[in-house]
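sequence and computational prediction follow.
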Amino acid sequence: MSSLTRPLVVGVTGIAGHALAEQLGPQESHTLGLARRGTSPVDGVEPLHADLTDPEALRTTLQGTKPTSVFLTAWARQETEDENIRVNGAMVRDVLDAACADGTVEHVALVTGMKHYLGPFEAYGQVDLPETPFTEDTPRRDAPNFYYAQEDELIAAAGRHGFGWSVHRAHTMIGYAVGNAMNIASTLAAYAALCRETGRPFRFPGSAQQWHGLTDMTDAGQLADQMTWAATTPGARDEPFNTVNGDVFRWRWMWPRLAELLDVTPEGFDGEVVPLEQQTEGMAPVWERIAEREGLRESQLDRVASFWHTDGDLGRDVECVTDMTKSRLAGFTGYVRTLDAFARVFDRLRDERVVPA
């Protein structure tokens, strides 16, 4: 039996989960999509509802579903890293114990990210950082980190239930999802709409390091491709993999090109960091006006834009470049040009009336 015969996507309404469900749904499989809201954004994916922090609800919801693979793409942000560790570690453990109850799971893929190398939110970029490009064999940083707790719970569950596993360390993700807490594409598209509405320039909000230095990103489709590859490739069993597009760029190159795609006037770094949260303070009513006039799906700005998270990415004072050699040598050959990834998502956001055309 193929591990993709009955895949279970946990967090199907998020950026990574949505992209994965779109890839799996049209195939000859019965794809299950688990989310707190109990809805599936993709036709042909069976929606399942459960609070991922409620072990009993998970057991009840997943009883008898008999998934052959599990893709963990969800997490729940807490006030402190200690709480992140407790809640998100337990979530991995409880989801997998419930999903594996029937003994059918062959592979589990877990999505984490660059905080594996950069440290947790509370000490982001402040730990003893490894040299770039980041490689999967880099020792763990000396700081509490919920990604480490998730990996440990994954490996422990594999020991209990006998499945193979993979970990996918994504960078800043570009993809389509509405209401997601960490969405740079919809955040920048919404920011551009506010700039057009108020006559302001599309000002780069971040640091000198991000403006001038090299960086990379992760297209959600690239992540989905790598996860399904790992689930069906024996040589990828029980391994962590970095997951980025394959190209590198500088924001001073990317920013004016995004401005052209979004029909705004770019303004580059001028020596001062001006976060998006500061630039857009008090603009919720402006967005409501745009949404009403243009017939948009979401009138609440915080359902479309996550300014705090994009500020974190663009305001970093450390270089973040990721090595993909490990998965390349194992046979994964996916490549996406980051500018093209942005263009595709901007077009979709406009087509589906999330942002104005």
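Great, that's in hand.

okay, buried residues for stretch 120-136 please.
For stretch 120-136, a neighbour-count test (16 or more other CB atoms under 10 Å) marks 120-121, 123-125, 127, 129, 132-134, 136 as buried. The way it works is simple: take the backbone N, C-alpha and C, and place the C-beta from them, glycine included.

mind putting those into CSV with distance to Gly11?
Output for these, formatted as CSV (distance: CB to CB, whole Å):
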residue, distance to Gly11
Pro120, 20
Phe121, 19
Ala123, 25
Tyr124, 22
Gly125, 26
Val127, 27
Leu129, 28
Thr132, 29
Pro133, 28
Phe134, 24
Glu136, 23
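
closest to Arg289 among those residues?
Phe121 (33.0 Å; CB to CB).

wait, that closest one sits on Glu81?
Yes: shown here, Phe121 and Glu81 form a contact pair, counting by CB atoms under 8 Å, at 6.7 Å.

now for the helix with the most length in the chain, which elements pack on it?
Criterion DSSP state H: the longest helix present in the chain is helix 81-99. Where contact means 3 or more CB pairs under 8 Å, 6 or more residues apart in numbering; DSSP states H and E, helix 81-99 is packed against helix 55-62, strand 69-72, helix 146-161.

list of residues touching the last one?
Surrounding helix 146-161, the residues in contact under the criterion CB atoms under 8 Å, 6 or more residues apart in numbering are 72, 75, 81, 84-85, 88-90, 92-93, 96-97, 100, 103, 105, 108, 110, 112-113, 115-116, 120, 140, 163-165, 167, 238, 240.

give the rounded mean pLDDT of the helix or strand that it is followed by.
For helix 146-161, the succeeding helix or strand toward the C-terminus, using DSSP states H and E, is strand 164-170. The average of the pLDDT scores along strand 164-170 is 98.

pLDDT averaged over the following helix or strand past strand 164-170 - what is it?
Sequence order places strand 173-174 as the next helix or strand after strand 164-170, per DSSP H and E. The average pLDDT within strand 173-174 is 96.

which neighbours in the sheet does strand 173-174 have, and how are they oriented?
strand 218-219 (parallel) (DSSP bridges).

Leu349 and Leu262, how far apart?
In this structure, Leu349 and Leu262 are 10 Å apart, going by CB to CB, to the nearest Å.

wait, Arg250
In terms of CB to CB, Arg250 sits 19 Å off from Leu262.
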